[in-house]
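here is a sequence together with a model predicted from it:
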Amino acid sequence: GAVVSQHPSWVICKSGTSVKIECRSLDFQATTMFWYRQFPKQSLMLMATSNEGSKATYEQGVEKDKFLINHASLTLSTLTVTSAHPEDSSFYICSASGREASYEQYFGPGTRLTVT
Amino acid sequence: RKEVEQDPGPFNVPEGATVAFNCTYSNSASQSFFWYRQDCRKEPKLLMSVYSSGNEDGRFTAQLNRASQYISLLIRDSKLSDSATYLCVVNSFYNQGGKLIFGQGTELSVKP
């Protein structure tokens, strides 16, 4: 099946710094990538949808200037959390879909961000 | 009102038990429906799609009632390895190419 990787798997950073999370589709071309956030005991919430070469579409309530998404190639999307605060601590998960993967969304293993 | 609502958990059942999860969704335009499984601190994994005619995969049976906007998952002969959080997911597109809306999940704990 299609494989999606994320890096790093976990990160601890200080308040005010920026953190970049990478999402890669390893064996298919991901025309669309999705970024989700999950707080403890809560559901996955879609943050944004990005199509290769286009600007990301953000969900209501998600600050696009704080969560920068870049989808520059068909195998890589990045999420940068700028000026991180403790309330940004969460589990960030990406998923990818594309024609080669029958448009099913394949999830990455997630990145656990802790902001101190 | 949440777009996708599930039974509150956790469900604690003995091995071999049959357990049923319920889910309702608010958007009547939803086109496709899924059950995902999520283990602690892991990403969600697709368990099965749900079709109007109902579908079965081994010990798992999923049902969809579009009129009631209701989805169910039945697990028979529970195994210890079934312990996880089960997520009800709907999509406004025919396949998973669109936006997935996740329920809050129902935690299942299967005890020996």
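Yes, it's here.

residue B:40 in helix, strand or coil?
What DSSP: H, G, I helix; E, B strand; the rest coil gives for residue B:40 is coil.

residue A:84 too?
coil.

low-confidence ranges, the chain, go.
Reading this off chain A. A:101-102 (pLDDT under 70).

ah, no, chain B please
Checking chain B against pLDDT under 70 turns up B:93-98.

mind listing the strands in it by residue range?
All strands of chain B, identified by DSSP state E, fall at B:4-6, B:11-14, B:19-25, B:32-38, B:44-50, B:55-57, B:60-65, B:70-75, B:84-91, B:100-102, B:106-111.

one more: chain A?
Under DSSP E, chain A gives strands at A:4-7, A:10-13, A:19-25, A:32-38, A:44-51, A:57-58, A:67-73, A:76-81, A:90-97, A:106-107, A:111-115.

could you dump these to CSV with distance to chain B?
All C-beta atoms are positioned from the backbone trio N, CA, C, and that covers glycine. Shown next, in CSV, are those (distance: least, Cβ to the nearest Cβ, whole Å):
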stretch, distance to chain B
strand A:4-7, 9
strand A:10-13, 10
strand A:19-25, 11
strand A:32-38, 7
strand A:44-51, 4
strand A:57-58, 10
strand A:67-73, 15
strand A:76-81, 15
strand A:90-97, 5
strand A:106-107, 4
strand A:111-115, 7
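
wait, what's in contact with residue B:92?
Residue B:92 sits next to B:27, B:29, B:30, B:31, B:98, B:99 when contact means Cβ atoms under 8 Å, 6 or more residues apart in numbering or on different chains.

nearest residue to the second one in space, please, no chain neighbours.
With sequence-adjacent residues excluded and distances taken as Cβ to Cβ, 6 or more residues apart in numbering or on different chains, residue B:29 is closest to residue B:92, at 5.8 Å.

so how far is residue A:110 from the one you found?
Distance, residue B:92 to residue A:110, by Cβ to Cβ, to the nearest Å: 24 Å.

next: residue A:53.
Using Cβ to Cβ, residue A:53 is found at 25 Å from residue A:110.

okay, now residue 54: neighbour count?
Using chain A here. Applying other Cβ atoms under 10 Å in any protein chain shown, we find 10 residues neighbouring residue A:54.

actually it's chain B I care about, not the one you picked
A count of nearby residues for residue B:54, using other Cβ under 10 Å, gives 13.

who does the nearest residue to it once chain neighbours are set aside form a beta bridge with?
Computed as Cβ to Cβ, 6+ apart, the closest residue to residue B:54 that is not its neighbour in sequence is residue B:63, at 4.8 Å. With DSSP bridges as the criterion, residue B:63 is bridged to residue B:72.

show me what contacts residue B:89?
Residue B:89 is in contact with B:4, B:33, B:34, B:35, B:36, B:100, B:101, B:102, B:103, counting by Cβ under 8 Å, 6+ apart.

for the fourth one, what are its contacts?
Applying Cβ under 8 Å, 6+ apart, one finds that residue B:35 lies in contact with B:21, B:47, B:48, B:50, B:60, B:62, B:71, B:73, B:86, B:87, B:88, B:89.

do the second one as well
If you count contacts by Cβ under 8 Å, 6+ apart, residue B:33 has them with B:25, B:49, B:50, B:64, B:71, B:88, B:89, B:90, B:91.

how does it look with 7 Å?
By Cβ atoms under 7 Å, 6 or more residues apart in numbering or on different chains, residue B:33 lies in contact with B:49, B:50, B:64, B:71, B:90.
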